[in-house]
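Engineer: Fold the following and give me the result.
(one chain, ligands or ions: 1)
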Amino acid sequence: MKHLIYLSVSIFLLFSCTQSSKPQQESETEDFSFVFMTDIHITEERQATEGFSQAIDTINSLNPDFVLTGGDNIMDALAVSYEASDSAYNLYENTIKQVNAPVYTTMGNHEVFGLYERSGVSPSHEEYGKKLYENRLAKRYYSFDYKDWHFVVLDGIGFTEDRHYYGHVDEEQLVWLKKDLEAAGDKPIAVSIHIPLLSIGSQIMQSPTQGMDAGSIVTNANEVREILEQHNTKLVLQGHLHFLEDIEYNGIHYITGGAVSSQWWQGQRFGMEEGFLKIDVKGEDFSWKYVDFGWEVKEAS
Ligand SMILES: [Fe+2]
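Structural biologist: Numbers count the residues shown, from 1 in each chain. Take a look at the predicted model:
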């Protein structure tokens, strides 16, 4: 009998604990973390695949809810043949499988297939330009919700007539973006785009009087920012520059997320290690840190 009373008291206590802590548990479950990793530049050379696997091991140990890439996932498809581009995509696809969490992908300029004339690829190739990327990895732009947040992935890559790229968000996306953000209501918004919308990169890496060139910044960024500023946009995650910065302008953080490959797998870049961003979200707030996954370039033997 004594045991029975003890048991029923325990059950009651357990039940009442669960009840009373439920609101707190619910708010806790709305918090989440994710990884933004950009400029991986995977290649068979420079021990890049080993380096990327080390990054993935670190990411898995952090157990994020998901991973978002910032583009330049492969070393290059701009200037090489179909065979070389195909094997670069294969290498990336085989390696990214090691990530335990779901992976969302952003397209970088180096994912664009055969754009440079010296690739020898004809624009009439059925997978020319962004088609290879879209067939293999993801749509060039899309959005998704995670818990209370809305995520938007944009394609910031335009083509010039002489087969080069420049930073540009096309009209089709601007029309879509307005509608997509309208539908997101008052949700906090995060955007991923490879070529930055805002950066001080050239001021630091070139000279204080140097502006960004058309290949390093989205040339119609003001149009994009105008749309973002009309909604509850919290952060814009950027890549491309292999540079780490966090600029807050009109209430939006523009974070260029360093590079998994740092100096394209050849060591530090302006003192910056190989790394990625771990972003912790609490309600409408977030914090971030740059995680150095401990890669050291090994001397060639
Ligand atoms: Fe890059």
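
Engineer: Residue of the stretch 51-200 of the chain closest to the ion, please.
Structural biologist: Closest to the ion within the stretch 51-200 of the chain is residue 72: 3.5 Å, counting by CB to the ion. The C-beta positions use only the backbone N, C-alpha and C, and glycine is treated the same way.

Engineer: got a list of what that residue touches?
Structural biologist: 38-41, 108-111, 194, 239-240 (CB atoms under 8 Å, 6 or more residues apart in numbering).

Engineer: Pull the contacting residues for the closest residue to it other than its chain neighbours.
Structural biologist: Spatial nearest neighbour of residue 72, excluding adjacent residues (CB to CB, 6 or more residues apart in numbering): residue 108 at 3.5 Å. By CB under 8 Å, 6+ apart, residue 108 lies in contact with 38-39, 70-73, 157, 194, 239-240.

Engineer: and if we set it to 7 Å?
Structural biologist: Contact analysis of residue 108 by CB atoms under 7 Å, 6 or more residues apart in numbering lists 71-73, 194, 239-240.

Engineer: again with residue 176
Structural biologist: Contacts of residue 176 by CB under 7 Å, 6+ apart: none found.

Engineer: what does the model give it for pLDDT?
Structural biologist: If you check residue 176, the pLDDT there is 98.

Engineer: Likewise for residue 22?
Structural biologist: For residue 22, pLDDT reads 39.

Engineer: Same check on residue 299?
Structural biologist: At residue 299, pLDDT is 72.

Engineer: a strand runs through it, doesn't it?
Structural biologist: No: using DSSP: H, G, I helix; E, B strand; the rest coil, the assignment for residue 299 is coil, not a strand.

Engineer: just to revisit the earlier point, so which pair among the contacts of residue 72 is furthest apart in space?
Structural biologist: Maximum pairwise distance in those, criterion CB to CB, is 13.6 Å, between 40 and 109.

Engineer: Those two - which one has more neighbours?
Structural biologist: Using other CB atoms under 10 Å, the more surrounded residue of residue 40 and residue 109 is residue 40, with 30 against 23.

Engineer: Spell out which residues of the stretch 1-150 of the chain are next to the ion.
Structural biologist: For the stretch 1-150 of the chain, the residues in contact with the ion (CB under 5 Å from the ion) are 39, 72.

Engineer: Recalculate using a threshold of 8 Å.
Structural biologist: Contact residues (CB under 8 Å from the ion) of the stretch 1-150 of the chain with the ion: 38-39, 41, 71-72, 108-110.

Engineer: Any chance of TSV for these, columns pLDDT, secondary structure and distance to residue 299?
Structural biologist: Shown next, in TSV, are those (pLDDT from 0 to 100; DSSP: H, G, I helix; E, B strand; the rest coil; distance: CB to CB, whole Å):
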residue	pLDDT	secondary structure	distance to residue 299
38	98	coil	27
39	98	coil	23
41	97	coil	20
71	98	coil	30
72	97	coil	26
108	98	coil	29
109	98	helix	31
110	97	helix	27
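
Engineer: Would you mark the buried spots in stretch 166-178?
Structural biologist: 166-170, 173, 176-177 (16 or more other CB atoms under 10 Å).

Engineer: Repeat that for stretch 56-67.
Structural biologist: Quick answer for stretch 56-67 (16+ other CB under 10 Å): 56, 58-59, 64, 66-67.

Engineer: quick one: contacts for residue 136?
Structural biologist: Contact analysis of residue 136 by CB under 7 Å, 6+ apart lists 89, 93.

Engineer: Pull the most distant pair out of the buried residues of stretch 56-67.
Structural biologist: Using CB to CB, those span at most 15.7 Å, a distance reached by 58 and 66.
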